[in-house]
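In: Generate coordinates for the sequence data below:
(one chain, ligands or ions: 2)
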Amino acid sequence: MAPPPALRLLALTLALLLSPAASLSIGVNYGTLADNLPPPTQVAAFLKERTFIDRVKLFDSNPDLIRAFAGTGISVMITAPNGDIPSLAKLPGAQAWVAAHVAPFYPATNISLIAVGNEIMATGDRFLIAHLVPAMRSLSAALVQAGFPKIRVSTPHSLGILSASEPPSSSRFRRGYDRAVFAPMLDFHRKTKSPFVVNPYPYFGYNPRTLNYALFKPNRGVFDPVTKINYTNMFDAQLDAVYTAMKKLGYGDVEIAVGETGWPTAAEPGQAGVSVEDAATFNGNLIRNVNSGEGTPLMPHRMFETYIFALFNENLKPGPIAERNWGLFRPDLTPVYNVGLMKTPLGVSACLSGIDHYLRFSMPRVVVFS
Ligand SMILES: *[C@@H]1O[C@H](CO)[C@@H](O)[C@H](O)[C@H]1NC(C)=O
Ligand SMILES: *[C@@H]1O[C@H](CO)[C@@H](O)[C@H](O)[C@H]1NC(C)=O
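Out: Ligands and ions are numbered 1, 2, ... in the order given. Have a look, this model is predicted:
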């Protein structure tokens with residue numbers, strides 16, 4: 001006998017309420033340019049026990065932070081500072097780095113990726129840029145030698161690496177760097193099965209007219225006349241621009257990860273599109289987008305390991321007001337807004353009390369035990 005409609009509705013409701021949460025996976029950038037943050041061990045325990053956040057990205061290799069995640073299973077991306085790149089480019093330097101910054105903590109801390117510097121291409125520093133791919137190669141070799149072959153190596157890029165990105169079909173890497181740096185780098189990623197890490201920020205690309213497009217809200221879309229794709233959100237368009245540049249060099253198969261993206265809750269007075277609600281809209285839709293399994297128009301069904309910027313507001317960051325207001329959580333670990341990241345007993349009990357209400361008031365009308 002088919003279940004009564006009310007039971008089917010109940011099952012569907014339960015599936016809808018519980019299944020996205022059960023499979024949710026998202027990372028955060030854990031920046032610490034602040035003087036009011038809780039101790040790292042408290043942060044790690046909070047993330048593990050109370051949230052669906054299963055990855056963190058650190059901007060350095062601070063031993064206290066790395067150690068804090070020991071035994072949590074949370075996967076951790078650490079960063080080798082820009083200044084270490086020249087010495088990392090030689091194997092002995094890379095071996096020493098692994099011995100000092102990885103071996104003491106791994107595998108207790110689930111270090112899953114090492115970023116070699118941060119947005120090095122955007123620095124324009126020719127010396128660092130020349131040493132970047134050699135540093136990635138020797139660090140990877142040193143990790144394998146040390147017995148840590150699962151730890152991947154990459155380096156995050158701003159979208160400034162593209163000379164054009166709109167429409168996505170026109171995208172390419174900046175001339176001069178394409179064959180000299182990106183081809184060997186993408187070859188490294190292909191051989192080591194590590195992701196090309198990019199930091200796409202619709203926040204830095206929108207204007208009041210394209211706000212809905214940037215926030216994944218209903219909008220007229222942006223049509224790419226070459227591919228005939230009608231993009232309905234800027235994040236997908238940015239990822240497809242990166243993919244197009246990679247594909248033009250022959251590396252469309254290399255995995256892509258999102259090292260940073262996000263939306264601030266405050267900016268200069270009068271800036272349209274910046275509020276707690278807008279940040280919640282962007283990050284909520286982002287989490288849905290990257291967990292949907294749909295991929296992008298040019299990369300259907302591909303998944304992108306994604307790290308939201310950022311875990312906390314960082315009150316000591318210089319620059320415009322927005323720089324200090326990217327956080328998902330306050331220093332007391334309460335969420336700044338709700339984007340479904342909390343495994344709250346509250347959420348579950350609210351859901352259960354809804355079902356309980358449903359059972360008590362609706363069930364007597366159907367025959368359940370027959
Ligand atoms: C470490 O993180 C990876 C994801 O990057 C995950 O697949 C794996 O299960 C984690 N390991 C442990 C021991 O929790
Ligand atoms: C693109 O999609 C939007 C939203 O679905 C729609 O309103 C718009 O008409 C579409 N534009 C084109 C050129 O297909």
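In: OK, contacts around the residue of the chain found nearest ligand 2?
Out: At 2.9 Å from ligand 2, G221 is the closest residue in the chain, using CB to the nearest ligand atom. For glycine as for every other residue, the C-beta is placed from the backbone atoms N, C-alpha and C. With contacts defined as CB atoms under 8 Å, 6 or more residues apart in numbering, G221 is in contact with Y213, N230, Y231, T232.
In: all helices for the stretch 251-370 of the chain, in order.
Out: Per DSSP state H, counting those that start in this stretch, the stretch 251-370 of the chain carries helices over the ranges 276-291, 345-362.
In: what's the least confident stretch among those helices?
Out: Among these, helix 345-362 carries the lowest mean pLDDT, at a mean of 43.
In: Could I get the full set of strands for the stretch 51-200 of the chain?
Out: Listed in chain order, the strands of the stretch 51-200 of the chain (DSSP state E, counting those that start in this stretch) span 53-58, 75-80, 110-116, 152-154, 156-158, 162-164, 172-173, 196-199.
In: Determine which stretch of those strands is the most buried.
Out: Scoring the strands of the stretch 51-200 of the chain by mean neighbour count under mean count of other CB atoms under 10 Å gives strand 196-199 as the most buried, with a mean of 25.
In: Given that one, what are its sheet partners and their directions?
Out: strand 156-158 (parallel), strand 256-261 (parallel) (DSSP bridges).
In: In a markdown table: those, plus distance to ligand 2 and mean pLDDT.
Out: Listed next are the strands paired with strand 196-199 as a markdown table, based on distance: least, CB to the nearest ligand atom, whole Å; pLDDT from 0 to 100:
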| stretch | distance to ligand 2 | mean pLDDT |
| --- | --- | --- |
| strand 156-158 | 28 | 98 |
| strand 256-261 | 22 | 98 |
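In: Next up, the contacts around the closest residue to R174 other than its chain neighbours.
Out: Taking CB to CB, 6 or more residues apart in numbering as the measure, R174 lies nearest to S163, with 4.6 Å between them; neighbours along the chain are not counted. Counting by CB under 8 Å, 6+ apart, S163 makes contact with R172, F173, R174, R175.
In: residues near the last one, how many?
Out: Residue crowding around R175 was assessed by other CB atoms under 10 Å; the count is 9.
In: and it, what does it touch?
Out: In this structure, R175 makes contact with S163, judged by CB under 8 Å, 6+ apart.
In: picking that back up, can you tell me which of the contacts of G221 end up in strands?
Out: Using DSSP state E, the members of the contacts of G221 that fall within strands are N230, Y231.
In: farthest-separated two in the contacts of G221?
Out: By the measure CB to CB, Y213 and N230 form the most distant pair in the contacts of G221, at 11.2 Å.
In: overlap in contacts of those two?
Out: G221, V222.
In: picking that back up, roughly how far does the residue of the chain closest to ligand 2 sit from L24?
Out: As for G221, its distance to L24 is 27 Å (criterion: CB to CB, to the nearest Å).
In: F304: what's it in contact with?
Out: By CB under 8 Å, 6+ apart, the contact list for F304 reads L239, I256, A257, V258, V290.
In: possible to save those as TSV with neighbour count?
Out: Below are these laid out as TSV (neighbours: other CB atoms under 10 Å):
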residue	neighbour count
L239	27
I256	21
A257	22
V258	25
V290	23
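In: Show me which of the contacts of S163 is closest to ligand 1.
Out: F173 (27.6 Å).
In: So the closest one is in contact with L159, correct?
Out: No - using CB atoms under 8 Å, F173 and L159 do not qualify as a contacting pair, with a distance of 10.9 Å.
In: Quick check: can you list the domain ranges of the chain?
Out: What automatic domain parsing lists as the domains of the chain is 1-22+346-363, 25-339.
In: Tell me which of the ones you listed sits most buried.
Out: Counting by mean count of other CB under 10 Å, domain 25-339 has the highest mean neighbour count of the domains of the chain, with a mean of 19.
In: Strands of the stretch 201-350 of the chain, residue ranges please.
Out: Along the stretch 201-350 of the chain, the stretches classed as strands by DSSP E, counting those that start in this stretch are 222-224, 229-231, 256-261, 306-308.
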